[in-house]
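> Predicted model, plus sequence, below.
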Amino acid sequence: MKRIYLDNAATTALDSQVLEAMMPYMTTHFGNPSSIYSYGRESRLAIENARKTVAKILHANPAEIFFTSGGTESSNTAILAAVRDLGCKHIITSKIEHHATLHTVEYLFNNDEANLSFVKLLPGGQIDIDDLERLLAESKEKCLVTLLHANNEIGNLLPLKNVGNLCKKYNAIFHCDTVQTVGHFNFDLRNTRVDFITGSGHKFHGPKGVGILYVNENIKIKPFVHGGSQERNMRAGTENLYGIVGFAKALEIATANLEKDSAYILSLKLYMAEQLKKQVKDVSFNGDVFGKSLYTILSVNFPRTEKSEMLLFNLDINNICASGGSACTSGADIGSHVIAAVNNDPDLVTVRFSFCKYNTTEEIDFVVEKLKGII
């Protein structure tokens, strides 16, 4: 029986064209990019071409793009640099950030390196922009604002330009975790007031273990990983050559097909929401589902019963892959901190369904039918 994969916010399948672009760098072009002979020069050229591709797509300068191991490393680098190198002694974030941000800011707070404030949330889980301005206006210290562009569990979108303009007004550093939106959203970084953004290849049909950190050219930070002089002295360690090539290729494909793919994926999300409302009693949704929300994510609440308590397990038995919140904590028994912050109702069971270009309406019909049976 074919598996139905509806957990694309956790990771996506590698696009066959991306694998094809990576293969030569796993086989014949294997040289160390730091070597001066031909093998090394070929590898170095591949990395710099990938950097130019990524920069062009994001409307940034190649010198602003650094390749990392993924979103977690990128966010850690940005947040630590903002506090230790850029003089931010007050961090403003929210309670519904990814743990790569939350655990890092808590570490800095517990280490007495920075004060920590949480911006209020509106009833739908959106960031309260007025409260953000109040926190910035009242702060006696330089601030770092670190907020998700699209929440990885409920899909709510941050008004990026508004927050950027507020940060400019109060001379704050702005780090935006864009892991769910790079490859799913058109960026114009030249005309967006943001200091750091992050990306991860495996969220848009690229390889795992490779990401980017965008560092605005107007700021200077120190390396997070020390050793060799790779990534223009910013990240030591031999580069993930084929990963970097794959990241750029995946971003290229995602951008070329963005309009068509995003319209199709949104139609799947709305179709599933519609079918669930029609066919499953007392179903509800988290976040701003039909408003400012990422087209790939649908967070659904089901009434808690003896049957629904084991919902993810039962879906898995039926070869349906979905998530009970954020996949990064799926091995832990604790509930989602995001759902607890936006909808702390013990009588509900939450499942996140997240879609991609390879999903179909037939799959959704099958899943809704199974959910009816289970619940």
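It's in.

> May I have the phi/psi pair for residue 225?
phi -110, psi 130 (degrees, to the nearest 10).

> for it, which residues make a bridge with it?
In this structure, residue 225 bridges to residue 235 when assessed by DSSP bridges.

> Any idea how many residues pack against it?
15 (other Cβ atoms under 10 Å). Every residue, glycine included, has its C-beta placed from N, CA and C.

> That one and residue 215, how far apart?
The gap separating residue 225 from residue 215 is 14 Å, by Cβ to Cβ, to the nearest Å.

> Check residue 184 too.
22 Å.

> same deal with residue 282?
From residue 282 to residue 215 the distance is 47 Å (Cβ to Cβ).

> cool, residue 39 as well?
Between residue 39 and residue 215 the computed distance is 29 Å (Cβ to Cβ).

> Pick out whichever of those two has more residues nearby.
Legend: neighbour count by other Cβ under 10 Å for residue 39 and residue 215, higher for residue 215 (22 against 15).

> so who does that one touch?
By Cβ atoms under 8 Å, 6 or more residues apart in numbering, the contact list for residue 215 reads 64, 66, 78, 195-196, 221, 234.

> Mind putting those into a markdown table with distance to residue 57 and secondary structure?
Listed next are the contacts of residue 215 as a markdown table, based on distance: Cβ to Cβ, whole Å; DSSP: H, G, I helix; E, B strand; the rest coil:
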| residue | distance to residue 57 | secondary structure |
| --- | --- | --- |
| 64 | 13 | helix |
| 66 | 15 | strand |
| 78 | 20 | helix |
| 195 | 19 | coil |
| 196 | 17 | strand |
| 221 | 23 | coil |
| 234 | 20 | coil |
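
> Which of the residues you listed ranks first by neighbour count?
Going by other Cβ under 10 Å, residue 78 tops the contacts of residue 215 with 28 neighbours.

> Chain neighbours aside, what residue packs nearest to that one?
Spatial nearest neighbour of residue 78, chain neighbours left out: residue 196 (3.7 Å); criterion: Cβ to Cβ, 6 or more residues apart in numbering.

> Just confirm residue 207 contacts residue 246, I think it does.
Yes - Residue 207 lies in contact with residue 246 (Cβ atoms under 8 Å); the separation is 4.2 Å.

> shared neighbours, those two?
Counting by Cβ under 8 Å, 6+ apart, the residues touching both residue 207 and residue 246 are 14, 18, 22, 201.

> Compare residue 207 and residue 246 (neighbour count), which wins?
Neighbour totals were compared for residue 207 and residue 246, and residue 246 leads with 31 against 21 (other Cβ under 10 Å).

> In the helix or strand hosting the more buried one, which residues are buried?
Assigned by DSSP states H and E, residue 246 falls within helix 241-256. Neighbour counts over helix 241-256 (16 or more other Cβ atoms under 10 Å) mark 241-255 as buried.

> That helix - contacts with which helices or strands?
Using 3 or more Cβ pairs under 8 Å, 6 or more residues apart in numbering; DSSP states H and E, the elements in contact with helix 241-256 are helix 16-26, helix 38-58, strand 65-68.

> I'd like the distance between residue 281 and residue 372.
9 Å.

> Between the two, which has more neighbouring residues?
The neighbour comparison of residue 281 against residue 372 (other Cβ under 10 Å) goes to residue 372, with 13 against 9.

> Let me see the confidence value for that one.
Per-residue pLDDT puts residue 372 at 93.

> how about the closest residue to it other than its chain neighbours, phi and psi?
Of all residues not flanking residue 372 in the chain, residue 279 sits nearest, at 5.6 Å (Cβ to Cβ, 6+ apart). Dihedral angles of residue 279 (phi, psi; degrees, to the nearest 10) stand at phi -110, psi -10.

> Run a quick neighbour tally on residue 279.
14.

> residue nearest the centroid of the protein?
Nearest to the geometric centre of the chain sits residue 179, at 2.3 Å (Cα atoms, centre = their mean).

> And that residue, how close does it get to residue 213?
To residue 213, residue 179 is 11 Å away according to Cβ to Cβ.

> any shared contact partners between those two?
residue 198.

> For the residue nearest to residue 40 when sequence neighbours are not counted, grab the count of nearby residues.
Leaving aside its chain neighbours, residue 40 sits nearest to residue 31 (4.4 Å; criterion: Cβ to Cβ, 6+ apart). Number of residues near residue 31 (other Cβ under 10 Å) recorded here: 18.

> ranges for the strands of the stretch 151-300 of the chain?
For the stretch 151-300 of the chain, the strands defined by DSSP state E, counting those that start in this stretch cover 173-177, 196-200, 211-215, 284-285, 297-303.

> Now do the second one and helix 241-256, the angle between them.
Taking axes from the mean of the first three to the mean of the last three Cα atoms, to 10 degrees, one finds strand 196-200 and helix 241-256 inclined to each other by 100 degrees.
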